[in-house]
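1. Have a look at this fold, sequence not included:
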């Protein structure tokens, strides 16, 4: 997939150069090129404390960046993304995120300054995002380091769980000398498998601690243990410390003996065959769609040059009027989509009303009478999880319902726009013939509860993935990983660009809030009220996402057609000799388009073979 990505970058660069010659608005191409430079996939690493997680992460990226968890005072999540220089952004509870620079010569020391006692606010850290130049994240992957699965504060474990459902791969580290402790079994059965996560990879770290003659039997024993919980577990044995040393010293022979090359190759293949491949196909489809628009432009301009000037001028007037009418239809479509806002808000408000009823009639009396503080915390956590899940399902269902209602109308309207200049077509193909191929499926298939990465990847623009990530962000009070990236609630709203007031943050009940029964009730009441306060913002984001998916392609196509009309009008004023030169130039551009078409077909073929 990552080789495919580089080939796609090359094709887009050639397409962009040709686009400049044809003089078509390049915004879509620029967005695709920028998107290829962003990270799409997330890999979360989980494991008990003292499983060698920091060394494993450092070996994965080939540098010393992650300090030992023994020195880390925060139990928050650390996210690594690729960047041109070392920098970090720290997200504190109840504070704005702070951007800081990290010493690139000694990044581990700089990172440790943020997450150890040297930072007086370390206990309030929810997340640290780091940008650091490295080959692993340079492949378009976000690496997520999570707190230990046996963290003493149960609430901090929830930060880990919040990431797992959205990760494209979950790597669980095990120790060959003491695999599957009680907490690891609980984590595996109740947290990972309970979320239907099928993207789990087991890595037996520190395999070099086992005598070489005993490694095969040790791996068989671990495989047998895992098979009791996971059918056909994917297991790899690695020696992280020697692998890191080998990478730092560029010792290829030493690296081969650590098991890392086989593991890394399998991980990349795993990502490529999952959502990564679907995302890449989606982007390639966009590139092909833009190429078809370029071909349409050439067809129309060449066709106009072969007709009488008076006839062309009359047809342009009709086409311009048609485009104006289609602009009105696009606006009406947007109004109809906006009209669904109230329905979605009503459904979410009904859900909050039901939560309040359950709370007042059942949970509140139980909370006030529960003498066991641990049981109290578990009941409250379960209530909040169910509330978040209910919002998650409603947002997803409403998105699918609205897209089902308007998706076909959107595609049809875009086809009308693309066909507005069909009478000028130089070739026999009409724009409508290519619409069905180019149009990306707008509505994900029905799935069981729990967002699938495959369905999520099918959405265009900000998409449902961003909206659902937003649900997780505002509900859990932590950052979740979605298609649109990693962000907190305020940042997610900013992503949609509506410019309106930022949303109210959810006050998720933390363990320190549950000190007695009365305080627990008060904390839950705040949670429900704040959940209600996020409805308007969530619905606004959902509707904006639908509008972006359904009407933006239409608006782009209308702008493109107006541009072609302007080019045809300019050509009409040219001399016969100048028009002949334009014909020759446009036909040469056709050759470039046909070459790009062939390259796209070969690229799609390579993805199909690797899937």
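-> Arrived safely, thanks for sending. Every value quoted in this text rests on a predicted model; they were computed, and no experiment measured them.

2. ok but residue 66 is inside a strand, no?
-> No - according to DSSP: H, G, I helix; E, B strand; the rest coil, residue 66 belongs to no strand; its state is coil.

3. Tell me the spacing between it and residue 363.
-> Separation of residue 66 from residue 363 (Cβ to Cβ, to the nearest Å): 40 Å. (C-beta placed from N, C-alpha, C; glycine too.)

4. just residue 11 next, same as before
-> 57 Å.

5. Residue 178 now?
-> 39 Å.

6. same thing with residue 220?
-> 47 Å.

7. So for the two, which residue has more residues nearby?
-> residue 363 (18 against 10; other Cβ atoms under 10 Å).

8. Now do the helix ranked longest in the chain, average pLDDT.
-> Ranked by number of residues, the top helix in the chain under DSSP state H is helix 373-418. For helix 373-418, mean pLDDT is 84.

9. How about stretch 4-24?
-> Averaging pLDDT along stretch 4-24 yields 87.

10. Buried residues, it. List them.
-> 4, 5, 8, 11, 12, 15, 18, 19, 22, 24 (16 or more other Cβ atoms under 10 Å).

11. where in the stretch 151-300 of the chain is pLDDT low?
-> 151-163, 165-166, 190-198, 275 (pLDDT under 70).

12. Let's see that with 90 instead.
-> 151-170, 177-200, 227-233, 268-297, 299 (pLDDT under 90).

13. So which residues of it form strands?
-> Counting by DSSP state E, counting those that start in this stretch, one finds strands in the stretch 151-300 of the chain at the ranges 169-174, 200-204, 235-237.

14. What lies in contact with the second one?
-> Spelled out, that is strand 200-204. Strand 200-204 has contacts (Cβ atoms under 8 Å, 6 or more residues apart in numbering) with 56, 169-176, 179, 192, 218-219, 222, 226, 230, 233-238, 263, 266-267, 270.

15. now the first one
-> Applying Cβ under 8 Å, 6+ apart, the contact partners of strand 169-174 are 41-48, 51-53, 56, 164, 180, 184, 188, 192, 197, 199-205, 222, 267, 270-271, 274.

16. Return the backbone torsion pair for residue 339.
-> Backbone geometry at residue 339, expressed as degrees, to the nearest 10, gives phi -70, psi -20.

17. neighbours around it, how many?
-> Look at residue 339: counted by other Cβ under 10 Å, it has 10 neighbours.

18. now do residue 344
-> 22.

19. Now do it against residue 395, distance only.
-> From residue 344 to residue 395 the distance is 8 Å (Cβ to Cβ).

20. Are there residues contacting both of these two? Which ones?
-> Both residue 344 and residue 395 are in contact with residue 542, where contact means Cβ under 8 Å, 6+ apart.

21. same for the helix or strand that contains residue 602, what does it pack against?
-> Residue 602 is part of helix 576-610, with elements assigned from DSSP states H and E. On a contact count with 3 or more Cβ pairs under 8 Å, 6 or more residues apart in numbering; DSSP states H and E, helix 576-610 meets helix 2-22, helix 260-273, helix 275-305.

22. Tabulate these in a markdown table, adding columns for distance to residue 582.
-> Output for the helices and strands packed on helix 576-610, formatted as a markdown table (distance: least, Cβ to Cβ, whole Å):
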| stretch | distance to residue 582 |
| --- | --- |
| helix 2-22 | 11 |
| helix 260-273 | 44 |
| helix 275-305 | 7 |
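
23. Looking at stretch 584-602 now, give me its mean pLDDT.
-> 93.

24. Over to stretch 543-553?
-> 88.

25. just how off-centre is it within its chain?
-> How far stretch 543-553 lies from its chain's middle: 17 Å, per Cα atoms, centre = their mean, to the nearest Å.

26. Tell me how the chain divides into domains.
-> According to automatic domain parsing, the chain comprises the domains 39-273, 354-409+443-550.

27. will you turn those into a markdown table that also has distance to residue 569?
-> Putting the domains of the chain into a markdown table (distance: least, Cβ to Cβ, whole Å) gives the following:
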| stretch | distance to residue 569 |
| --- | --- |
| domain 39-273 | 41 |
| domain 354-409+443-550 | 31 |
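
28. among the ones you listed, which is nearest residue 308?
-> Of all the domains of the chain, domain 354-409+443-550 sits nearest to residue 308, with 36.5 Å by Cβ to Cβ.

29. Now do the SS call for residue 126.
-> Per three-state DSSP, residue 126 ends up strand.

30. does it really touch residue 78, like I thought?
-> No - with contact defined as Cβ atoms under 8 Å, residue 126 does not count as touching residue 78 (10.9 Å).

31. who has more neighbours, the two?
-> Comparing residue 126 with residue 78 by other Cβ under 10 Å, the one with more neighbours is residue 78, at 26 against 22.

32. The more buried one and residue 91, how far apart?
-> Here residue 78 is placed at a distance of 11 Å from residue 91 (Cβ to Cβ).

33. Likewise for residue 582?
-> Distance of residue 582 to residue 91, given as Cβ to Cβ: 56 Å.

34. List the residues that contact residue 364.
-> Contacts of residue 364 by Cβ under 8 Å, 6+ apart are 521, 524.

35. what do you get if the cut-off is 6 Å, keeping everything else the same?
-> Residues near residue 364 by Cβ atoms under 6 Å, 6 or more residues apart in numbering: residue 521.

36. so which strand or helix has it?
-> helix 364-369.

37. quick revisit: between residue 582 and residue 91, tell me which one has more neighbours.
-> Neighbours per residue (other Cβ under 10 Å) separate residue 582 from residue 91, with residue 91 holding more: 23 against 17.

38. show me the contacts for the more buried one.
-> Contacts of residue 91 (Cβ under 6 Å, 6+ apart): 97, 126, 127.

39. and it, helix, strand or coil?
-> strand.

40. What about the closest residue to it other than its chain neighbours, how many residues nearby?
-> Nearest residue to residue 91, sequence neighbours excluded (Cβ to Cβ, 6 or more residues apart in numbering): residue 127, at 4.3 Å. Residue 127 is flanked by 22 other residues according to other Cβ under 10 Å.
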